[in-house]
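Enquirer: this one's structure only:
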């Protein structure tokens, strides 16, 4: 099969690769569409030791099953492969399974290829009329849906009475803003340093959008801050912006050091909560929400050919992309 292979720092090659070999319980899929995630970019830049070259990246994908009980069906898959037996899995928090594997992380090859294998238990069947490109958004949107759900449970007041700040206008950040709006939150601001993304979020979705470098967020001005970047600067900004008694949801994994004002979090009873991916229930709910149109037209994606994926990565790295998500298609 043909695949886009990460071969070294900032190197991707479109080449022939061995066909994937299913394990017990796996299903082989023909990939229709696959999104580029921030974690793919981390690997591309050599910042992820868990993704050593050579490796096929990509874990946000939809396609058609070639085997198993979904044979011939259009499907999307949850890329978190969990054990199903530990306390976290049995207790409804499979996203925290300590034995988890992730598609696009060794030893599991990813979906930037003509075919991929995935456990049948991780597959969700799609309505036949669902656009495979929109279906490929299920993974990042599920991450946002899980985070918003955690935020709702932690807040002291309904979302309809809250002001929200989202740090980062990529797919997860924009999805989080759209989900907040769908659940009644009206005062939402998105902060992003990329002028192309700011324009897309402002003109396409009607959000208030700011450049956090040029615009200082007023201290103590938001009940909820969702950090979809996860850098020292965004954590610092989140701590400044949050109101007393508010909630900070930390999704992003840009870096791990600094930015947290522990004194403010303590004196003002601010909840700082990390959220990681989603459960299978979150994932199925996301597919239903996308198909029902609860997040709008989902026209904030840019389509590129999988065979030209190396150029897409380069453009993302150099800040030449305004779309919240690039989807690679066959």
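Expert: Yep, that arrived. Keep in mind the model is a prediction, meaning the values are calculated, not measured.
Enquirer: Give the other helices and strands that the one helix or strand residue 237 maps to contacts.
Expert: Applying DSSP states H and E as the criterion places residue 237 in helix 232-241. Judged by 3 or more Cβ pairs under 8 Å, 6 or more residues apart in numbering; DSSP states H and E, the packing partners of helix 232-241 are strand 163-167, strand 222-227, strand 242-250. In short, each C-beta sits where N, CA and C put it, glycine included.
Enquirer: go with 6 Å
Expert: strand 222-227 (3 or more Cβ pairs under 6 Å, 6 or more residues apart in numbering; DSSP states H and E).
Enquirer: strands paired with the strand it packs on, and their directions?
Expert: Strand pairing for strand 222-227, determined by DSSP bridges: strand 163-167 (parallel), strand 242-250 (parallel).
Enquirer: Next, the angle from it to helix 232-241.
Expert: Counting by axes from the mean of the first three to the mean of the last three Cα atoms, to 10 degrees, strand 222-227 lies at 170 degrees to helix 232-241.
Enquirer: Could you pull up the residues touching the residue of the chain positioned farthest from its centre?
Expert: For the chain, the largest distance from the centre (Cα atoms, centre = their mean) belongs to residue 267, which lies 32.3 Å off. Residue 267 sits next to no residue when contact means Cβ atoms under 6 Å, 6 or more residues apart in numbering.
Enquirer: Could you give me the buried positions within the helix holding residue 237?
Expert: 233, 234, 235, 237, 238, 239, 240, 241 (16 or more other Cβ atoms under 10 Å).
Enquirer: Also stretch 102-116?
Expert: For stretch 102-116, using 16+ other Cβ under 10 Å, the buried residues are 102-105, 108-116.
Enquirer: mean confidence score for that stretch?
Expert: Stretch 102-116 carries an average pLDDT of 96.
Enquirer: from the chain's centre, how far out does that stretch sit?
Expert: Taking Cα atoms, centre = their mean, to the nearest Å, one finds stretch 102-116 lying 16 Å from the centre of the chain it belongs to.
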